[in-house]
Structure formats: structure tokens, C-alpha cells
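S.K.: Compute the structure for the input listed below.
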Amino acid sequence: MALSNDIVEDARATFQSQWETRNGIVVPDPEDVGLGNDAVRFERATVLYADLDQSTNLVDTKKWWFAAEVYKTFLYAASKIVRAEGGDIVSYDGDRVMGIFIGKTQCNDAARCALKINYAVKKLIQPELDEKYGQGDYTMRHVVGIDTSPIRAARTGVRGDNDLVWVGRAANYAAKLTAMSAAYPTWITKAVFDKLNDNQKNGGTPKRSMWESRLWTSMDNASIYRSSWHWEI
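M.R.: Residues are numbered from 1 along each chain as shown. Take a look at the predicted model:
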């Protein structure tokens, strides 16, 4: 009964307590947020999820150590690029990494980050994989999803084993976008696209749009954009 009592007491305290919310200017660490109904609010933040595509098939058809090498190289590259573009790594979840971007150029930073991840996968990691295991043995595929919205960070878990949960549309939409086709590795919402500068919208010689507009049929035909372009590192 002690365990059930603990759960009931936590639920009662959570549902009955008032929230204390403060504005955030930096991405907090878990210890910066209380375990009670304490939250850090961002007027707007941009969330990026980078997800390895078809990882279930990878672990089903390849040796465990090969799958581990693919996981490690992808997550290392994505994480390094997120940080290099001014983002903060806030979560790893199996074969995916979640980054948060804040500041005036957050959407542009996140979009450029996604295009650089595409470059890293196709132009840097894949050649090394082919060199070791032979061309055609395995092709690494990934999807990056990005959205921007107001968001709050709250602390969840138990004492000694807890982390931040990010509550807001951007976190959910960015994660959902990683289920889109890996033929176009970068997917962004219209809210992100509308804040992009020319350099993040257009590329090549002569310049042309790097993005294609689509309808997100599973989300009430919301406007989203996809890209197969990459940004050289």
C-alpha cells in the first residue's frame, strides 16, 4: 500500500498546488527547477528533434555492435552541430536527440543546424561507413523536425532520478515531424518557415528555394515545409 499511497499523494499535491512560473533567459538545468509545480517559461523557443530513421529494422537485421556504431556516430554528429549552432541538448531518447534554441535568430539557427546534420550524415559519416563495411551495405537515413512556440520547462521524476519535461506545441510538433519521409530529411512548420531569413530559405546558383510546401494531412492539413538540401560544414 505504501507505493500506491505515494502515487496518490503525489497526484493530489500536483493537481491541487498552484504553479509558480518565472520567465527564462537561458535553458535551465534540471536542478534549476523545483520538483513541485515549478516551471520556467519561454515566450518562444524553437525545438529540433533529430531522429535516426528505420532504427527498428536496423537492430533487427544487423549485429548489435553495428547498430551501436550507427547510433553513436549519428547522435554525436547531430549533438555537436546543435551545440555549434547555439542550441542546447536537453534530451536523448534512444536513437534521437532533442535540442532547444532560444534568442532572436532561433529559427534560422535551428534550420541551418538541420541542413548541416543532413550534410554530416551524407557527406561525412556515410563515406566512413562505406569505407569500413562496403558501399551499399547500409545507408544511414534520418529525419529532423523543427517547430517554434511558447514553451515551459518543468521538472519530472523522483528525487535522485529526474529530468526536465518541455511542455508546449513546439516539442510535440517537432517530434511528430520526425515520422515524415526520410527522402526529405528536414521538416519544419510554417511558423518556423515564416521566420527564416533569405539565406535559410534560398540556396544554390542561381538562388532558388530550398523548401517545398506540403500539407500535413494527419494534422488538419497544416502547412509544413520539407527540404532535401544540405549545408556544408
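
S.K.: Next up, the contacts around the residue nearest the centre of the chain.
M.R.: Nearest to the geometric centre of the chain sits residue 49, at 1.4 Å (Cα atoms, centre = their mean). Listed by Cβ atoms under 8 Å, 6 or more residues apart in numbering, the contact set of residue 49 reads 96, 97, 98, 99, 144, 145, 146, 174, 175, 177, 178. Where C-beta positions appear, they are placed from N, C-alpha and C, glycine not excepted.

S.K.: Can you tell me the closest non-neighbouring residue to residue 212?
M.R.: The shortest distance from residue 212 to any non-neighbouring residue, by Cβ to Cβ, 6 or more residues apart in numbering, is to residue 226 (5.3 Å).

S.K.: returning to what we had before: quick check, the residue nearest to the centre of the chain in a helix?
M.R.: No - read with DSSP: H, G, I helix; E, B strand; the rest coil, residue 49 is strand and lies in no helix.

S.K.: do you know how far it is from residue 143?
M.R.: 8 Å (Cβ to Cβ, to the nearest Å).

S.K.: anything in contact with each of those two?
M.R.: Common neighbours of residue 49 and residue 143 (Cβ under 8 Å, 6+ apart) are 177, 178.

S.K.: sorry, back to before: the residue nearest to residue 212 is in contact with residue 190, isn't it?
M.R.: No - counting by Cβ atoms under 8 Å, residue 226 sits too far from residue 190 to count as a contact (12.0 Å).

S.K.: between the two, which one's more packed in?
M.R.: Taking other Cβ atoms under 10 Å, residue 226 and residue 190 do not tie; residue 226 has more neighbours (19 against 14).

S.K.: Give me the pLDDT for that one.
M.R.: pLDDT recorded at residue 226 is 98.

S.K.: quick one: the helices in this protein?
M.R.: Ranges of helices within the chain are 2-16, 55-61, 64-84, 106-119, 126-133, 169-177, 190-193, 198-201, based on DSSP state H.

S.K.: buried residues in the biggest strand by length in the chain?
M.R.: In the chain, with assignment by DSSP state E, the single longest strand is strand 142-158. Going by neighbour count (16 or more other Cβ atoms under 10 Å), the buried part of strand 142-158 is 142-149, 151-155.

S.K.: could the helices of the chain go into TSV alongside distance to residue 33?
M.R.: Shown next, in TSV, are the helices of the chain (distance: least, Cβ to Cβ, whole Å):
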stretch	distance to residue 33
helix 2-16	14
helix 55-61	31
helix 64-84	21
helix 106-119	21
helix 126-133	39
helix 169-177	15
helix 190-193	26
helix 198-201	32
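
S.K.: from the ones you listed, which stretch is densest packed?
M.R.: Scoring these by mean neighbour count under mean count of other Cβ atoms under 10 Å gives helix 106-119 as the most buried, with a mean of 25.

S.K.: what helices or strands is that helix leaning on?
M.R.: strand 38-52, helix 64-84, strand 96-101, strand 142-158, strand 186-189, helix 190-193, helix 198-201 (3 or more Cβ pairs under 8 Å, 6 or more residues apart in numbering; DSSP states H and E).

S.K.: Quick one: work out the angle between it and strand 96-101.
M.R.: Angle of helix 106-119 versus strand 96-101, following axes from the mean of the first three to the mean of the last three Cα atoms, to 10 degrees, is 150 degrees.

S.K.: contacts for helix 106-119?
M.R.: Here helix 106-119 has contacts from 44-48, 50, 77-78, 81-82, 84-87, 99, 101, 103, 142, 144, 146, 148, 185-186, 188, 192, 195-197, 199-200, 210, 227-233, using Cβ under 8 Å, 6+ apart.

S.K.: hmm, back to that, of the helices of the chain, which approaches residue 28 most closely?
M.R.: Across the helices of the chain, residue 28 has its closest neighbour in helix 169-177 (14.8 Å, Cβ to Cβ).
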